[in-house]
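Chemist: I would like the atomic coordinates for the input below:
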Amino acid sequence: MVFITEVGLKIFDMEFLPDKQVKVHYLMDAMNKKALIKTLTNDISLVLMNRLSDGQPDVLRHRNSQDIIYRYRDKSRKSFYHLNEVNDRPYQVKQTAGIINKVKAELYGNPASGIDSVKITHYNLRLSINLYRIIEVTNDVAE
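Modeler: Model (predicted):
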């Protein structure tokens, strides 16, 4: 996963491996802090469902809307994946530690293109991350 700004400045380049490990290929000097790397790794892993426990999730229903919620437990943390009742599409992910809300990710997109943007917000930090899919037009490229 490569994060770049809208003007093309590379912020970081990380590889998320299947065995729940993360390999950092590049990180901007201003962001090279262990706590920030750990937070970013956790946030992205939450959205990618990379660090889920091997056990089966608890399947819950939302009280008001009957949306499906999958709850995964990992040590003291719980991750909740909310799926829309109508089309089984994920639209929100929350992570808690004990009774405290830690982070929320909202997933946006449409059925045709899939998820094209993600907004990650922390409850206890002034940290918010907005991710957008880059649309690459390759009409002029011949292979």
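Chemist: what about the strands in this structure?
Modeler: In the chain, the segments counted as strands under DSSP state E are 2-4, 10-16, 22-27, 58-61, 68-74, 77-83, 90-97, 100-110, 114-122, 128-132.
Chemist: so which of those comes closest to residue 49?
Modeler: The closest of those to residue 49 is strand 77-83. By C-beta to C-beta, the value is 7.5 Å. For glycine as for every other residue, the C-beta is placed from the backbone atoms N, C-alpha and C.
Chemist: by contact count, what packs against the closest one?
Modeler: Under the contact criterion of 3 or more C-beta pairs under 8 Å, 6 or more residues apart in numbering; DSSP states H and E, the helices and strands touching strand 77-83 comprise strand 68-74, strand 90-97.
Chemist: Comparing those strands, which comes out most buried?
Modeler: strand 90-97 (a mean of 18; mean count of other C-beta atoms under 10 Å).
Chemist: Which strands border that strand, and is each parallel or antiparallel?
Modeler: Here strand 90-97 is paired, per DSSP bridges, with strand 77-83 (antiparallel), strand 100-110 (antiparallel).
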